[in-house]
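Novice: Give me a 3D structure for the following:
(2 chains, ligands or ions: 2)
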Amino acid sequence: MRIMGQIAMVMNLDKCIGCHTCSVTCKQTWTNRPGVEYVWWQNVETRPGQGYPRRYEDQDRWRGGWTLTRKGKLQLRSGGRLHKLLSIFTEPVMPSIQDYYEPWTYDYENLTNAPLSDDVPVAPPRSLISDEPTKIHWSANWDDDLAGDPAPDPVLAKVSEQVRLAFEEAFMFYLPRICEHCLNPSCVASCPSGALYKREEDGIVLVDQDRCRGWRMCVTGCPYKKVYFNHKTGKAEKCTFCFPRVEVGLPTVCSETCVGRLRYLGVLLYDADRVSEAASVADERDLYEAQLDVFVDPEDPAAETAGLPSDWLEAARSSPVYDLIKKYRIALPLHPEYRTLPMVWYVPPLSPVVDALAGTGHDGEDAVNLFAAIEALRIPVGYLAELFTAGDPAPVTAALRRLAAMRSYMRAVNLGEQPVLPDTGLSEEELRDMYRLLALARYEERYVIPTAYGNPPGVVEEAGCSLDYDAGPGMLSPFGEASGRPVPVSIENFHSLKDRQTGDEVTHDRINLLNWDGRGTPAGLFPPKRRRA
Amino acid sequence: MTWGESMLWVVGPYVTIMVFVGGLIWRYRYDRFGWTTRSSELYESPLLRVASPLFHYALLVVIVWHVIGLLIPMRWTDAIGVSDEAYHVNALVWGGLAGLGTLVGLALLIYRRRTHGPVFLATTANDKTMYAVLAAAIVSGVVTTAAGFVPSEANYRTTVAPWFRGVLMLQPDAAAMGHASGLYKVHTLIGMALVVLFPFSRLVHALSAPLGYLFRPYIVYRRRAR
Ligand code: SF4
Ligand code: SF4
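Specialist: Numbers count the residues shown, from 1 in each chain, chains lettered A, B, ... in the order given. Ligands and ions are numbered 1, 2, ... in the order given. Model (predicted):
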């Protein structure tokens, strides 16, 4: 038994309003640089839908994650080690820029320079990849709120025809996604250079920028397609779980800015020695339970003697994530069948069921009605099961029943009625605690993050950097712009933002309004003032 | 052979080696972040998928033949009873095929780079220089191999190879190199230029061939850097 700690995340999908605030703040913080214009470490997809990159869940095509060999051993779906080395000269199943989307900006200069005519001038889109005028026909959330044409959704392809038809009218929800910081990360296993690694202390999966040689196998290896290739630096990049913030006890940017306040961060203890055993259980549907078994109860005496820092143990004992996942069992892993043992879990949405009930004139808050509906409305359950439990409806139904129980119980309490306790295996006290965590969702209860080893709480400092950094990244380097020492991302963003807002060359005909903080008038936003004669 | 030429074959290789080794050390210390394949596969894949493996695998064969041709003295092959003719036919056919493979591969790669806007945009001056020298090395190599069909031209085993081994053993034999034909001299010079360029171009990725992957555990754990 080798107990390690990880900061894990749970998202309560019932509360997501699909506003993309999380994605935008993440992009502003981390991927607001040339080379990663197309990259969203955090993205929100409408389900059913294709996702980003398009149809990434179709592993027959993209070959991400793990499979079992005939002997029952874990192997990367994209092939054994020798096979991977022999095909190192290309990475044939890596998504192309078109599968993500071709990033663009607008030619704002045309607004001011267009000759006088009867038509209002427009700012035509221009590709950030080829620098040519372009047509916008796809993006990271192109099918936002559509959920209409289920045909391209790889998850829907697995559920039956009848379910699919009913689906089109019935059901839609949002799925925010980041890197799962898996316990058995196939991206790490795919990297021939050993540049990706999982941190022992907090489980965060990172790319060592100095070791990455740009082989791109991690991009294929990750079934969630959450490793991206920076086409300017030639290196892989991925979600860092905002480690500079988490290390000092602050929540990730996506959590902090989430409008729905639906994200939970906390410590999960796990037994590192049992990870591969759990990831290689024969039946995909057992993966959920197997992963639950890998998690160690923080009250277990073994945790005490595992050599973890005391504030970590303490945090583990009051971890909201542990409660949601293991105590109440209402959070479920995303696509456990990829066998990576993901560590960002989801509370499935009950609202579609409530809506369906209310739409037919029933009382959508009544436990009896809700329970019946969960059973009868096989539509959401079937779909959710394909997302969260490799197709097994039982854990999804159980989680939804608990949510329903909490709903009707708390309504009775609030209306001063005599609450009936539905049979879901949870006590009244547990239902109230769950309500507190899910509905009231106080900041200090949502985020229980110990600081990393001796860091002063609340002070963000990216390793080895200060703000007196010279210009952008290796601008003058003989090997092109991507050479020299890597510049800490926050510094690079700071400078590019500053350059874009104050510099001449870059902003004079194009300005990215996303980067404008509303203060001042960056060059290029308005035409230059003409002096009166 | 002029004084200048013998200087070239004596001083030249050592300057090349020094720049190569010194450059690599410097690059590794100063620019580990820039040490990458700088892949452009994200922009364009169908052509690359054919051209890149063709080029690289053919190049590996070419390298193997260079090692055999330059490092193994004639005496040894004679001793195990490989006749001169047999050796040359093999070298010509396999070396020639591999050379053609690299040439076609490189042509496709350059064509792709030229015609695909994003790929061309991502091509630096450094890349262009490197491509020019690399192309020159391969073209001159293929021509030299082809010229080897004329028996009098097939003499590198008594000229270039002894010189090369001499350089490695710190006893450079400029006279041996002096007897080589002009084609061989040109190819050798271009080769030296390529070696000089190596540490300063994207060619360095060749040294990162990740053979350790075969032996390490799948999941890498590391402690947090302090
Ligand atoms: S989700 Fe994250 S940790 Fe898991 S395989 Fe993908 S990139 Fe790696
Ligand atoms: S910020 Fe929160 S509510 Fe808005 S899309 Fe992101 S996860 Fe959903």
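
Novice: Which residue ranges of chain B form strands?
Specialist: The residue ranges that make up the strands of chain B, judged by DSSP state E, are B:221-222.

Novice: Oops, could you answer that again for the stretch 251-400 of chain A instead?
Specialist: In the stretch 251-400 of chain A, the strands defined using DSSP state E, counting those that start in this stretch lie at A:263-271, A:295-296, A:332-333, A:344-347.

Novice: Torsion angles phi and psi at whichever residue of chain B sits closest to ligand 1?
Specialist: Proximity of chain B to ligand 1 (C-beta to the nearest ligand atom) peaks at B:Ile219, 10.2 Å away. Backbone N, C-alpha and C define where each C-beta goes, glycine included. Here is the backbone geometry of B:Ile219 (degrees, to the nearest 10): phi -90, psi 130.

Novice: okay but it is in contact with A:Asn184, surely?
Specialist: Yes - taking contacts as C-beta atoms under 8 Å, B:Ile219 lies within contact range of A:Asn184: 6.8 Å.

Novice: For A:Ser47, which non-adjacent residue is spatially closest?
Specialist: Just so we're on the same page, residue A:47 is Arg rather than Ser. Across the structure, with C-beta to C-beta, 6 or more residues apart in numbering or on different chains as the measure, the residue nearest A:Arg47 apart from its sequence neighbours is A:Leu175 (5.0 Å).

Novice: Assign that neighbour to helix, strand or coil.
Specialist: Applying DSSP: H, G, I helix; E, B strand; the rest coil to A:Leu175 yields a three-state assignment of strand.

Novice: Next, the contact list for it, please.
Specialist: If a contact means C-beta atoms under 8 Å, 6 or more residues apart in numbering or on different chains, then A:Leu175 has A:13, A:16, A:44-47, A:334, A:346, A:387 as its contacts.

Novice: so how far is ligand 1 from A:Val347?
Specialist: 19 Å (C-beta to the nearest ligand atom, to the nearest Å).

Novice: quick one on the thing from earlier: out of the contacts of A:Leu175, flag the one nearest to ligand 1.
Specialist: Distance to ligand 1, by C-beta to the nearest ligand atom, is smallest for A:Leu334 among the contacts of A:Leu175, at 9.0 Å.

Novice: Now do the same contact list for that closest one.
Specialist: With C-beta under 8 Å, 6+ apart as the criterion, the residues that contact A:Leu334 are A:175, A:177, A:180, A:224, A:342, A:344-346, A:387-388.

Novice: Could you do A:Val155 as well?
Specialist: Remark: with contacts taken as C-beta under 8 Å, 6+ apart, A:Val155 is in contact with A:47-48, A:57, A:383, A:386-387.

Novice: try 10 Å
Specialist: With C-beta atoms under 10 Å, 6 or more residues apart in numbering or on different chains as the criterion, the residues that contact A:Val155 are A:47-49, A:51, A:55, A:57-58, A:335, A:382-387, A:391.

Novice: Inside helices: which ones of these?
Specialist: Per DSSP state H, helices hold the following members of the contacts of A:Val155: A:382-387.

Novice: so what's A:Tyr447 closest to, chain neighbours aside?
Specialist: With C-beta to C-beta, 6+ apart, the residue lying closest to A:Tyr447 is A:Pro251, at 4.4 Å.

Novice: Can you give me the pLDDT of the one you found?
Specialist: The pLDDT attached to A:Pro251 in the predicted structure is 95.

Novice: so it touches A:Val321, yeah?
Specialist: No - at 12.0 Å, A:Pro251 does not count as touching A:Val321 under the criterion of C-beta atoms under 10 Å.

Novice: The two - which one has more neighbours?
Specialist: More neighbours sit around A:Val321 than around the other of A:Pro251 and A:Val321, counting by other C-beta atoms under 10 Å in any protein chain shown; the figures are 27 against 22.

Novice: now the more buried one, nearest residue through space, not along the chain?
Specialist: Once flanking residues are discounted, A:Val321 sits nearest to A:Gly266: 3.8 Å by C-beta to C-beta, 6+ apart.

Novice: Against ligand 2, how distant is that neighbour?
Specialist: From A:Gly266 over to ligand 2 (counting by C-beta to the nearest ligand atom), the distance is 17 Å.

Novice: Report the distance from the longest helix belonging to chain B to the chain centre.
Specialist: Residue-count comparison of every helix in chain B, with assignments taken from DSSP H, identifies helix B:3-30 as the longest. The chain centroid and the centroid of helix B:3-30 are separated by 15 Å, computed with C-alpha atoms, centre = their mean, to the nearest Å.
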